[in-house]
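Colleague: following is a predicted model, sequence given first.
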Amino acid sequence: MQSEILLRWIVLVPLLGAVVNGLLNRRLAKRVSGFIACAAIGVSFGLSVVVFLRLTGMDAEARVVNDILGTWLQIGGFHVDIGFAMDPLSAVMALVVTGVGFLIHIYSLGYMAHDDGFQRYFAYLNLFVFAMMTLVLGENLVMLFVGWEGVGLCSYLLIGFWFNDQANASAGKKAFIVNRIGDFGFLIGLFLIGANLLPHLAPGEGVFSFAILQHHAHLLAPAATGICLLLFLGATGKSAQIPLYIWLPDAMAGPTPVSALIHAATMVTAGVYMIARLNFLFVLSPTAMAVVAAVGAVTAIFAATIALTQNDIKKVLAYSTVSQLGYMMLACGVGAFTVGIFHLMTHAFFKALLFLGSGSVIHAMSNEQDMRVMGGLRSKLPVTYATFMTATLAIAGVFPLAGFFSKDEILWKAWESGNTVLWAIGFLAAGLTAFYMMRLVVLTFFGENRASSEVRSHIHESPATMTGPLVILAVLSVVGGWIGWPHFMGGGAWFENWLAPVFAVGEHGVAAHGAVAHHAADSTMEWTLAVVSVLWAVLGLILGWFVYYRRAAIADSFRKAGGGFVYRVLLNKYYVDEAYDAAFIRPGYRFSRQVLWKSVDAGLIDGLLVNGSALVVYLLGSVLRLFQNGMIRFYAWTFTIGVAVFVLYLSFSS
Amino acid sequence: MEITLTHYLVLAGLVFLTGMVGFVVRRNALVMLMCIELMLCAVNIVFAAFSRLHGDAGGHVFVLMNFAVAASEAAIGLAILVEIYRRRRTVNVDDLKTLME
Amino acid sequence: MEGLLFWFCGSLLLLGGVMMVVQRSAVVSALWLVFAFLSAAGIFAVLGGTFLAVMQVLVYAGAIMVLFLFVIMMLQGPVMDGERRLMHPALWPLIAAPPAAVLIMLAGFLRGDRMVGFAGAPAPGFGSVVQVATLLLGRYLLAFELISIILLVALIGALAVGRGERKLPWK
């Protein structure tokens, strides 16, 4: 079959699965429902691989497959297609989303086996993959936006999946509303692009099509800073960057596989993908790039410090995700889009693994998430422990695991951009990452088990449907980085070459703007930095091990001594939620209560509009009630009058 | 006098009016249903007449469709009537005023 | 010949309709309606629709009216209640007004210059079974299939309604 036609099925098969599962719901046996959902993603993954292989067979410059289903909007010169396109960048994303998504679907079979909402869960999950694939494979910005909103919706549905608990429902709403702020920026950015570009286009050219956008990007140069900052606002919402990151930690209220799929591996990387996709636009504005890099770096260290003190296993991982997303933004901001996407991919492997591993732990601990009552699970959950440890080493950046290659590349690119402050922040955050991950591992897997004896008696290793994906992801966390084995270590940097056509304009653009003050890009420096960062990571790991395992008292005494204040600030996440509450939510609430409710609603709307219109309806009704007398023949008679009038009108008007 | 299309149309109109008046004046729901059938019949005559005018038998097909519609309507209408009769012991529409409440 | 048949069948059709309306007994009304339908079949035949005429007799005068009669017999007795007097005489003008208006309008069409004649006799084979069947299973196949679904739905609907209070099989 033609690759073009395969492309639409990559997107539509998960939708089909969602529709079947969503409509039939409880009428499906759990086994059938799970099979349909997994098969849908499996097919989607298989098709992605097929198209990917076809792409590899093409010339480097011509690697793009288009599948235009038809015209969506045609208003004057404004033209939007419904269409999908796969180029090297979206191929990577498609493989990651469907591949990791497939593993997480399999894992969910075991994790959700006893849940009442099994079929609903899989319907949402399939719907999410559909939306994510629309986002990734969309041929134009509008399709991307549709997917963008779609994944937001699925995220909301899945965070509030156990909506019987008020806290979960609120977490879902928080995620939705915070994302809405970002989406607002995104939409305004879209409008600006349209307004600036539309007058210059020939009729029939899709203004938001990526190819057209890239071709005409120079026309947008005057407005580029504004557009990029607005789009970046959207990205901070979706990818949980400062200032809109606050929804992600709360999003952990959803089922753990959802956290792995949506809030670690795929959806939250949409912002990074969007920036990478529009690299030709972002490089037009050095200001916007600087903002992206700065926000990314600050988020990376900010979230890493919070992660140091959290006691909820999933919260630690959530802040870790925010921090890692900051790295990706940092990479994009310094013009190293390839590396940003590379880190996105490796992060998808090891962070999904970490979440799934924590899910396995939570499953074993009878839904306990507090690390203070865990401990000593190493012997009870050997597979989970081994895979979790692999992921920890990977995220810490230990050679030769996946995280090393991508994180080291990011730090190197930050160094190379000439901005040592960015590099230093990233470097510091890397050490913190190693430290808090070791803390997590020690508290969970080492020492004495601190759970109640009842919970302890239930601890068991998870079923094969759960450990299988763990093992596969562990393997990927080890070898996944090797495709980007850098030149200075004698590798081929295959990943960089693969994405080169997509970012040719972008990365060239950065150089042209002089944003890159080339250091002597000799491999000695690169070697030095790589070795230093590995040593730094190992130091962080050892320190974490030492503080929390060997000398557990150190942490306590630090807390009791002068560190108490710092500890409290970190534990309370810098009081950002409280600050937002005081700055936006409570004034908004007060405004709603005093002005909107008491004056506008009670006075104007209730008094004039509601009661007024009710009065009008009442008066009309008392007249019309005379006609509504229940006599069928009376109705028929009025009917005949109507017919007579109509016929007479027709005959006299002709 | 030669018979023209107009003759048929006027005939159909008269038949239709008969049905319409019958529907208004009769109280028996069964007869009201029959009046509807009569009105449908008038429509069928119009179809057949225009079919003849254009020399296209498509109009006949529509008459057949109307047969099916009439049959469906009669079947459901009568089923409802039987059910109403079972509950209320009457098919006199003046006694069936629950629509008012 | 056509004129003669038209006047004959047309007046019988009108007679049947009027008699149906004015008869007080539902049974007699139904029998007059059968009479009117048979006359309508004659009108179809005059118009060249031989197949239609046959179907009119079979389906309408036959099947549908038998259904009516069957129901009337089933509910025999109380169906006459309240039909002793058709309508209060004071209401007659009200009832008659709209039809009268339309009648006056119809009369206007009978002026010679506003009549539309047929262009000669119908072509041979017009309205024959073969021609109608060809159309029904060719040009109008989709409509034909859809109408069959409507019939099926009506059938099931009538069954569901007719079952009354008893438990439905799928509940």
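Modeller: Great, that's in hand. Numbering: from 1, shown residues only, chains lettered A, B, ... in the order given.
Colleague: what about chain C, any weak spots by pLDDT?
Modeller: Across chain C, the ranges flagged by pLDDT under 70 are C:76-88, C:109, C:111-114, C:164-171.
Colleague: now with 50?
Modeller: Applying pLDDT under 50 to chain C flags residues C:81-82, C:171.
Colleague: for chain A, give me its nearest residue in it.
Modeller: Proximity to chain A, evaluated over chain C using CB to the nearest CB, is greatest for residue C:98 at 3.6 Å. C-beta: built from backbone N, CA, C; applies to glycine.
Colleague: residue A:56: neighbour count?
Modeller: As a burial measure, residue A:56 scores 11 neighbours (other CB atoms under 10 Å in any protein chain shown).
Colleague: wait, is residue A:450 part of a helix?
Modeller: No: when DSSP: H, G, I helix; E, B strand; the rest coil is applied, residue A:450 is found to be coil, with no helix at that position.
Colleague: what's around it, how many residues?
Modeller: 15.
Colleague: pretty sure it sits against residue A:372.
Modeller: Yes: assessed by CB atoms under 8 Å, residue A:450 is found in contact with residue A:372 at 6.7 Å.
Colleague: what helix or strand is residue A:196 located in?
Modeller: helix A:166-197 (DSSP states H and E).
Colleague: cool, and residue A:249?
Modeller: helix A:247-250.
Colleague: could you give the average pLDDT over that helix?
Modeller: The average of the pLDDT scores along helix A:247-250 is 87.
Colleague: run through who's touching that helix.
Modeller: A:159, A:170-171, A:174-175, A:178-179, A:240, A:263, A:268, A:315, A:318-319, A:321-322, A:573 (CB atoms under 8 Å, 6 or more residues apart in numbering or on different chains).
Colleague: and with 7 Å instead?
Modeller: A:171, A:174-175, A:178-179, A:240, A:263, A:268, A:315, A:318-319, A:321-322 (CB atoms under 7 Å, 6 or more residues apart in numbering or on different chains).
Colleague: stretch A:392-404 too?
Modeller: A:346, A:349-350, A:354, A:407-408, A:430, A:433-434, A:437, A:441, A:477-478, A:480-481, A:533-534, A:537-538, A:540-541.
Colleague: show me which residues of it are buried.
Modeller: Of all the residues in stretch A:392-404, those buried under the rule 16 or more other CB atoms under 10 Å in any protein chain shown are A:392, A:393, A:394, A:395, A:396, A:397, A:398, A:399, A:401, A:402, A:403, A:404.
Colleague: closest to residue C:140 out of those?
Modeller: Set against residue C:140, the nearest of those by CB to CB is residue A:402 (65.2 Å).
Colleague: what's the mean pLDDT across the helix or strand encompassing residue A:409?
Modeller: Using DSSP H and E, the element containing residue A:409 is helix A:402-416. On average, the pLDDT along helix A:402-416 is 88.
Colleague: spatially nearest residue to the residue of chain C closest to chain A, not counting backbone neighbours?
Modeller: Nearest non-adjacent residue to residue C:98, counting by CB to CB, 6 or more residues apart in numbering or on different chains: residue A:644, 3.6 Å away.
Colleague: same check on residue A:282?
Modeller: Using CB to CB, 6+ apart, the closest residue to residue A:282 is residue A:228 (5.1 Å).
Colleague: any idea how far the one helix or strand the one you found maps to is from the chain center?
Modeller: In this assignment (DSSP H and E), residue A:228 forms part of helix A:224-238. With CA atoms, centre = their mean, to the nearest Å as the basis, helix A:224-238 stands 16 Å off its chain's centre.
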